[in-house]
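Visitor: 3D, please:
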Amino acid sequence: MYFTKIFFATCLITIALAVPQNRPQVSEESIDKALKDTRYLMRQLKCAIGEAPCDQVGRRLKSLAPLVLRGACPQCTPAEVKQIQKVLGYVQKNYPREWNKILQQYAG
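Guide: A predicted model of the protein is given here:
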């Protein structure tokens, strides 16, 4: 379950940033803003589960999924890990249906 948590949260962190690997640190404010934007968040969740087309951020999300599920997140800093935990809790609580689909698709 820990690897799955890392997967999805890393994806959302990437969504919030949408920049290459040499990225600046994400502020808590940016994370909160991304989580509150329901339309944006749903678009990325639907992309991740194959129910909608992907933009550049969604494609990056999908490319990270296998790595994170294996427990490898070479791009993650300790600060990002903390933010990952925050994002995970939010998505599990507020988007349980999509969360379960992601688990089935990427953990199975």
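Visitor: just the mean pLDDT for the helix or strand hosting residue 60, thanks.
Guide: Residue 60 is part of helix 56-69, with elements assigned from DSSP states H and E. Averaging pLDDT along helix 56-69 yields 70.
Visitor: how about stretch 37-47?
Guide: For stretch 37-47, the mean per-residue pLDDT is 91.
Visitor: just say helix, strand or coil for residue 52.
Guide: Three-state assignment for residue 52 (DSSP: H, G, I helix; E, B strand; the rest coil): coil.
Visitor: once you drop chain neighbours, what's closest to it?
Guide: In space, and not counting its chain neighbours, residue 52 is closest to residue 46: 3.7 Å by C-beta to C-beta, 6 or more residues apart in numbering. For every residue, glycine as well, the C-beta is placed using N, CA and C.
Visitor: what separation do you get for that neighbour and residue 29?
Guide: Distance from residue 46 to residue 29, counting by C-beta to C-beta, to the nearest Å: 25 Å.
Visitor: these two: which is more packed in?
Guide: Comparing residue 46 with residue 29 by other C-beta atoms under 10 Å, the one with more neighbours is residue 46, at 16 against 8.
Visitor: so which bits of stretch 79-95 are buried?
Guide: Residues 80, 83-84, 86-88, 90-92, 95 are the ones in stretch 79-95 that count as buried (16 or more other C-beta atoms under 10 Å).
Visitor: let me redo that: stretch 94-102
Guide: 95, 98-99, 101-102.
Visitor: picking up where we left off before, name the SS class of the residue nearest to residue 52, please.
Guide: Going by three-state DSSP: residue 46 is helix.
Visitor: right, and it touches residue 55 too?
Guide: No - counting by C-beta atoms under 8 Å, no contact exists between residue 46 and residue 55, whose distance comes to 11.2 Å.
Visitor: over to residue 53: give its phi and psi.
Guide: phi -60, psi 160 (degrees, to the nearest 10).
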